[in-house]
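K.L.:
Got a predicted structure plus its sequence, pasted below:
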Amino acid sequence: MSKELLKIENIYKYFPVKGTFFKKITAVDNVSLSIKERETLGIVGETGCGKTTLGKIMVKLLEPDKGNIFFGGKNVRNLKGKDLKWFRKNVQMVFQDPHSSLNPKMTIAEILQEPLREHNIEVGDVEEFLIKKLEEVGMEKGLLYRYPHELSGGQKQRVAILRATIIQPSFIVFDEPTSSLDVSVQAQTLNLIKEMKEKYKLAYSFISHDLAVVRYMSERIAVMYLGKIVEIGNSDEIFEKPLHPYTQILISSIPIPDYNLARKREKIKIIGEPPSLINPPKGCRFHPRCPFAMSICKEKEPQLIEIEKDHYVACWLYEKK
Ligand code: SF4
């Protein structure tokens with residue numbers, strides 16, 4: 001059985017509201033989860049649900065206000081010096097927009113050499129090594145001395161993936177890595193990400209608003225709503241037996257190419273827009289939009305409980321009141 005690689009415990013992250021002294025947004029609210037070696041955990045939810053903030057906390061681009069993060073057994077919040085460098089080498093992030101994540105003044109060769117230099121990694125003949133790496137992600141060697149603006153969106157994202165994997169980390173967070181790409185290259189990029197995982201025995205957290213993509217990429221899925229995890233479990237089980245009404249709504253809204261099947265499928269309607277994070281609803285945060293809301297949902301917050309092995313949900317429909 002694979003060992004636990006990353007563990008986050010009771011993480012909170014607040015952001016101040018502009019123009020006010022005391023108001024704050026709770027972007028991540030008491031989130032705990034773990035990721036095993038060589039596992040992909042998908043994180044799915046609407047824009048503004050806190051999934052990107054959570055991803056940035058996992059790679060230490062943001063510090064949580066409360067809670068702890070453990071990576072390889074070490075508490076990440078206290079890392080300094082050599083240990084911090086070890087963490088930075090092992091944990092990488094690939095962002096949604098490759099255009100703004102690549103330095104426009106550097107050639108692709110310079111961009112790819114930077115992490116090697118930073119972590120003192122010897123590769124022998126650098127040019128030969130980088131050409132081999134480019135070829136590994138389906139790019140021609142002629143692109144090595146080009147600048148990012150001379151590449152297509154798909155090529156830029158391949159460079160970003162290469163930059164993240166070139167120093168052989170053990171964990172990568174992908175934040176909507178295909179949502180800014182043309183549909184024609186999205187599938188190729190997803191397959192490349194999968195191939196790299198197998199080849200280098202990596203663990204991923206794959207963040208997306210698209211549940212179908214998350215299922216394709218992940219062994220387990222965490223569903224987030226307004227800063228909280230409302231359901232977490234094995235990908236197939238989440239799809240076949242979604243428990244939380246919000247997960248059921250997300251799944252019922254995935255387009256089906258077969259017209260007859262699409263007609264037969266029961267669609268669950270979501271009510272209204274997501275409430276404000278500044279003043280989230282009392283009780284279950286989903287209650288103003290939930291078609292199954294009961295009076296207890298408006299008063300008491302449901303906790304994540306295990307319904308089947310490793311399948312957790314936070315909903316009063318499944319809890320003893
Ligand atoms: Fe709906 Fe109540 Fe479950 Fe929240 S706790 S998802 S409001 S049924």
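P.N.:
Thanks, I have it.
K.L.:
Next up, the contacts around the residue lying closest to residue 92 once chain neighbours are set aside.
P.N.:
Closest residue to residue 92 apart from its sequence neighbours, by Cβ to Cβ, 6 or more residues apart in numbering: residue 164 at 3.9 Å. Backbone N, C-alpha and C define where each C-beta goes, glycine included. Each residue near residue 164 by Cβ atoms under 8 Å, 6 or more residues apart in numbering is listed here: 92-94, 172.
K.L.:
Then residue 35 would be within a strand, right?
P.N.:
Yes - counting by DSSP: H, G, I helix; E, B strand; the rest coil, residue 35 is found in a strand.
K.L.:
wait, doesn't it sit right on residue 218?
P.N.:
No - using Cβ atoms under 8 Å, residue 35 makes no contact with residue 218, being 10.3 Å away.
K.L.:
joint contacts of the two?
P.N.:
residue 41.
K.L.:
mind checking which helix or strand the residue nearest to residue 92 is in?
P.N.:
If you go by DSSP states H and E, residue 164 is part of helix 153-165.
K.L.:
All the helices of the stretch 51-200 of the chain, residue numbers only.
P.N.:
51-58, 81-90, 98-101, 108-118, 126-136, 153-165, 183-200 (DSSP state H, counting those that start in this stretch).
K.L.:
Of all those helices, which one is nearest the ligand?
P.N.:
Closest to the ligand of the helices of the stretch 51-200 of the chain is helix 51-58 (Cβ to the nearest ligand atom; 18.4 Å).
K.L.:
Can you point out the buried residues in the closest one?
P.N.:
51-58 (16 or more other Cβ atoms under 10 Å).
K.L.:
Convert the C-alpha atoms of that helix to PDB, please.
P.N.:
Presented in PDB, the C-alpha positions along helix 51-58 are these (Å, rounded to 0.1, in the frame of the first residue of the first chain):
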ATOM      1  CA  LYS A  51      -9.900  25.300  -4.400                       C
ATOM      2  CA  THR A  52      -7.000  27.500  -5.900                       C
ATOM      3  CA  THR A  53      -6.300  28.900  -2.400                       C
ATOM      4  CA  LEU A  54      -6.100  25.400  -1.100                       C
ATOM      5  CA  GLY A  55      -3.700  24.400  -3.900                       C
ATOM      6  CA  LYS A  56      -1.400  27.400  -3.200                       C
ATOM      7  CA  ILE A  57      -1.400  26.400   0.500                       C
ATOM      8  CA  MET A  58      -0.300  22.900  -0.400                       C
END
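K.L.:
hmm, back to that, with mean pLDDT added, can I get the helices of the stretch 51-200 of the chain in CSV?
P.N.:
Below are these laid out as CSV (pLDDT from 0 to 100):
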stretch, mean pLDDT
helix 51-58, 96
helix 81-90, 95
helix 98-101, 85
helix 108-118, 96
helix 126-136, 95
helix 153-165, 95
helix 183-200, 93
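K.L.:
Name the nearest of the buried residues of helix 51-58 relative to residue 18.
P.N.:
residue 53 (16.5 Å; Cβ to Cβ).
K.L.:
And the next helix or strand past the lowest-mean-pLDDT helix or strand in the chain?
P.N.:
Taking mean pLDDT, DSSP states H and E as the measure, the chain has helix 259-264 as its least confident helix or strand, at a mean of 58. Downstream of helix 259-264, the first helix or strand assigned by DSSP H and E is helix 295-299.
K.L.:
Buried residues in that next one, which are they?
P.N.:
residue 297.
K.L.:
avg pLDDT for that helix?
P.N.:
Averaged over helix 295-299, pLDDT sits at 96.
K.L.:
So what touches that helix?
P.N.:
Against helix 295-299 from outside (Cβ under 8 Å, 6+ apart): 281-284, 286-287, 290, 316, 321.
K.L.:
can I get the CA coordinates of it in CSV?
P.N.:
Taking C-alpha atoms only, helix 295-299 is exported to CSV below (Å, rounded to 0.1, in the frame of the first residue of the first chain):
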residue,chain,number,x,y,z
SER,A,295,-35.1,23.0,9.0
ILE,A,296,-32.0,21.5,10.7
CYS,A,297,-29.9,22.5,7.7
LYS,A,298,-30.5,26.2,8.4
GLU,A,299,-29.4,25.8,12.1
